[in-house]
Each structure stands twice: as C-alpha cells, then as structure tokens.
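Novice: sequence and computational prediction follow.
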Amino acid sequence: EKAGSTVRKPSAYVCQAAKTLLRAYAARRPPPQKPPGPPPRRRGVCQWFDPERKHGFIKPDGAAGDLFVHQMDLRAGTEITQGDAVEFGTADYNGRDKAVDVTKVERQFSHDGPAGRGRGGFGDARSAAALGDGGGHRGP
C-alpha cells in the first residue's frame, strides 16, 4: 500500500442497497417447478398395420387425424392388427405426433354402447322387457 492511502470499507448504505437488489431479484424469479410427469396415455383403434413394412396408423378416440406407429414403438410382445383397441403415449416425429409405447387393450363398452352390448341387447323395448322394465311380451 502507498503511504497515506486508506482502505475504505463499504458503507452501510452500499450494503443495504445490494441486499435490496438481491431481494428484488429473488422476488422476480419464478418459483422452481417440478419436472412434468409422463404425458397421459391415450386410447384408440388400429386403422391398419403392415408387419412386413413395420408400420401403420392408429385412430385416436375423439381425434380427427391418425397417428403413425412404427413396430419399434410397440411394447415388447405386442402385436396389433386392424381393429385392435390400443393404448399409447405420443412423441414428436418430424413435427407431428406419433404413437409410442403402444399396447393392445380390451375394448370397454358403456351401458349406452353398441347394440348387442351393455344392458343386454337391442337398445329398444325388447331389452327393457327382458329386464322386466315394462313393455313387450312377458311370457305365459
């Protein structure tokens, strides 16, 4: 050090200003977020799948477009054919979604499902009569 020079300590004002700036910066930062979980699985029906060409398309439930599926994206041991109900995740493929981790599932029908399923039948008075809900012939 040179003779006659003094080492200055930061004033209390400068320290207080730095603390204020740090608090303001910390308040501006968004809180840390949890990493997103896996995307939800969807259901659909296999439109077609060609095992020789190793690809096909799936029609997702409630969606307008089809999704590409490659044989590599079928879960181990899964084979799908046209009309199979499937469950799958999605991933980006050249700017579009494709089906991944595809598994075959059993179709689930509601009580209002297709004729011949659900409450036992025809979807008309014949089913109601069979259930004893009135109408129709009740037997001898």
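Specialist: Sure thing, it's come through.
Novice: show me where the chain has its helices.
Specialist: 12-28, 125-130 (DSSP state H).
Novice: weakest of those helices in terms of mean pLDDT?
Specialist: If these are sorted by mean pLDDT, helix 125-130 sits at the bottom with a mean of 46.
Novice: ok, residue 97 touching residue 67?
Specialist: Yes. If you go by C-beta atoms under 8 Å, residue 97 and residue 67 touch, sitting 5.8 Å apart. Any C-beta I mention is one placed from the backbone N, CA and C, and that applies to glycine too.
Novice: where do the contact lists of the two overlap?
Specialist: Contact criterion C-beta atoms under 8 Å, 6 or more residues apart in numbering; residues shared by residue 97 and residue 67: residue 90.
Novice: more neighbours, the two?
Specialist: residue 67 (23 against 16; other C-beta atoms under 10 Å).
Novice: can you list the low-confidence ranges for the protein?
Specialist: The model of the chain has pLDDT under 70 over residues 1-14, 108-140.
Novice: can you pull out the strands in it?
Specialist: Using DSSP state E, the strands of the chain run over residues 42-50, 55-60, 67-70, 85-93, 96-104.
Novice: quick one: which of those is nearest residue 27?
Specialist: Proximity to residue 27 (C-beta to C-beta) singles out strand 85-93 among the strands of the chain, at 35.4 Å.
Novice: ok, the residue lying closest to residue 97 once chain neighbours are set aside - contacts?
Specialist: Distance criterion C-beta to C-beta, 6 or more residues apart in numbering; nearest residue to residue 97, sequence neighbours excluded, is residue 90 at 4.5 Å. Residues near residue 90 by C-beta under 8 Å, 6+ apart: 39, 42, 67, 97, 98, 99, 100.
Novice: most neighbours among those, please name it.
Specialist: Compared across those, residue 99 has the highest neighbour count, 27 neighbours, by other C-beta under 10 Å.
Novice: so that residue versus residue 21, what's the distance?
Specialist: The spacing between residue 99 and residue 21, counted by C-beta to C-beta, to the nearest Å, is 50 Å.
Novice: kindly report the same for residue 86.
Specialist: According to C-beta to C-beta, residue 86 stands 56 Å off from residue 21.
Novice: could you do residue 42 as well?
Specialist: On the measure of C-beta to C-beta, residue 42 and residue 21 end up 48 Å apart.
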